[in-house]
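Chemist: Task: produce atomic coordinates for the following.
(one chain, ligands or ions: 1)
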Amino acid sequence: KKHACCGFSRLMTTKLHLTPFLRLSRRSPLAAPGLSCVSRAASNAPPARVSRLFQPCNLREGQDAGDMTCRSQRLMLQGGLLHPSSPGCFHYLPGAVRSVEKLVRLVDREMRGVGGQKLDMPALCAAEPWKRSGRWGLMGKEMFRLRDRHGTDYCLGPTHEEAVTELLASQGGLSYKQLPLLLYQVTRKFRDEQKPKFGLLRGREFYMKDMYSFDVDKDAAQHTYQSVCEAYGRLFDQLGLRWVQVQADTGNIGGTLSHEFHLPADIGEDRLQVCGNCGFAANVETLSPGRADCPRCESSSLVESKGIEVGHTFYLGTKYSSVFNATFINAQNKPEVAEMGCFGLGVSRILAAAIEVLSSDDAIRWPSFLAPYQVCVLPPKRGSKTGQLTSLAEELAHSLGSGLSNLRGEVVLDDRTQMTIGKRLKDAARLGYPYVVVVGPRAAEELPQFEVVCQNSGETLFLSREALVDMLSRVETV
Ligand SMILES: [Zn+2]
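Modeler: As a prediction, this is how the structure comes out:
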């Protein structure tokens, strides 16, 4: 990992960056507690204070989450990120919301990169289109159904093929020049799980990104399919997650070609076969039972592993577009049924699965992009010999969080100074802030040094202020 070995020119840039804040005296009124920040520009907002965060941690109690639990669920409950509501439903507390929002921004970036346009369709879906596609019956008990005062049937949307295809069909006269059209949303989805378990991994209400593509013909649709699969790969790479793309069953979505994206994990509910020889990978559901040889290279190198499904892609053909008559006007000026694909990402599931695979049993580790806050600054314990360093810590937290554009709003100050540094360090380790900066005795020396714990690499460094600023200026955020 890169750190203090900074180039001189880089240091200069960073210094320029921070100039306005170096003018603040340590006793700047900005650091005074209780000062309203309403009128101040967001870029200059004071750092969040741990004592004020709504993050009801039960780190030490080891809160019991019941039988249906797993590491990510336990850590998220203990860390004050989630609070159980009803079976399979959770309150996302502020830390979790910050993380989900970051993930959505990464997803947006990738989806826009392949031409996706974001929309937002109702969660309350009329039954009629589902009856037309034949899925009203097919979905069975997994679908939440309800009836309005007029006696009309509705469901809480588990997916939106019907809705989006009907939407497109209502826009008769779309030209072939407007295709491919890729529409996506990130919304709450609903599934009446018989046994919700593992927190956000198998809930009844969850966030999903679902994208629907419309193309002029099979070749174009396959091209779109490929480009979205590649975008999924880039997303998981950015999150630093080990992932595998496997051939999958099309289930009740339908179509002729389908892949799942999995994070290998012991608690995963899907069984995968991966060939060590040619790289072939499939969900066992798609292989004939008892098969021991690879269907592609016929070697006997198939290894079974378990995975958490975090993405699913389908090439649908005209399954839905022919039912709803979703057509475009082709080059010969004739209406033609569009070729479709659909592409799901389990947004809340990615968050939980990432925590599941990266964390230890008692400490959360985040994909660096998704940590609710990047930096936690620890002032010394109140009344200790180094107590006069408190204002330095406050000023440092403030200048990092508003002076470095990448860390704007990303810094918290653990102002629970009635606790020892050691205790707060332990909490910080459990909550997984990627960078913990301790303003301890060495910060009072003539050449002040700050202790920096880089939690994702496990390193502890002692850095001058310039080197600290330089290292943190390179932290990538979204
Ligand atoms: Zn093989």
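Chemist: Can you tell me the closest non-neighbouring residue to residue 340?
Modeler: Nearest residue to residue 340, sequence neighbours excluded (C-beta to C-beta, 6 or more residues apart in numbering): residue 316, at 4.2 Å. Glycine gets a C-beta too; all of them are placed from N, C-alpha and C.
Chemist: residues of the helix or strand harbouring the one you found that come out buried?
Modeler: Secondary structure assigned from DSSP states H and E places residue 316 in strand 302-317. Neighbour-count burial for strand 302-317 flags 302, 305, 307-317 (criterion: 16 or more other C-beta atoms under 10 Å).
Chemist: State the pair within those that is farthest apart.
Modeler: Pairwise distances across the buried residues of strand 302-317 peak at 30.9 Å for 305 and 317 (criterion: C-beta to C-beta).
Chemist: quick revisit: distance from the chain centre to the strand holding residue 316, please.
Modeler: A distance of 18 Å separates the centroid of the chain from that of strand 302-317, by C-alpha atoms, centre = their mean, to the nearest Å.
Chemist: Does the ion have contacts with it?
Modeler: No. Using C-beta under 5 Å from the ion, strand 302-317 never reaches the ion; the gap is at least 7.3 Å.
Chemist: related to what we said a few turns ago, just the buried residues of strand 302-317 now: which is nearest the ion?
Modeler: Nearest to the ion among the buried residues of strand 302-317 is residue 302, at 7.3 Å by C-beta to the ion.
Chemist: Let's see the pLDDT reported for the nearest residue to residue 172 once chain neighbours are set aside.
Modeler: Sequence neighbours aside, residue 327 is the residue nearest to residue 172 in space, at 7.1 Å (criterion: C-beta to C-beta, 6+ apart). Listed pLDDT for residue 327 reads 97.
Chemist: same deal with residue 109?
Modeler: pLDDT, residue 109: 98.
Chemist: How much space separates it from the ion?
Modeler: Distance of residue 109 to the ion, computed by C-beta to the ion, to the nearest Å: 34 Å.
Chemist: And for residue 245?
Modeler: Applying C-beta to the ion, the value for residue 245 to the ion is 15 Å.
Chemist: My read is that that residue contacts residue 280, right?
Modeler: No. Assessed by C-beta atoms under 8 Å, residue 245 is found out of contact with residue 280, at 10.9 Å.
Chemist: Residue 74 in helix, strand or coil?
Modeler: At residue 74 the chain is in helix, as set by DSSP: H, G, I helix; E, B strand; the rest coil.
Chemist: Assess the claim that residue 402 and residue 45 are in contact.
Modeler: Yes. Using C-beta under 8 Å, residue 402 makes contact with residue 45 at a distance of 6.6 Å.
Chemist: more neighbours, these two?
Modeler: The neighbour comparison of residue 402 against residue 45 (other C-beta atoms under 10 Å) goes to residue 402, with 24 against 15.
Chemist: Without its sequence neighbours, what residue ends up closest to that one?
Modeler: The spatially closest residue to residue 402, leaving aside those adjacent along the chain, is residue 44, at 4.9 Å (C-beta to C-beta, 6+ apart).
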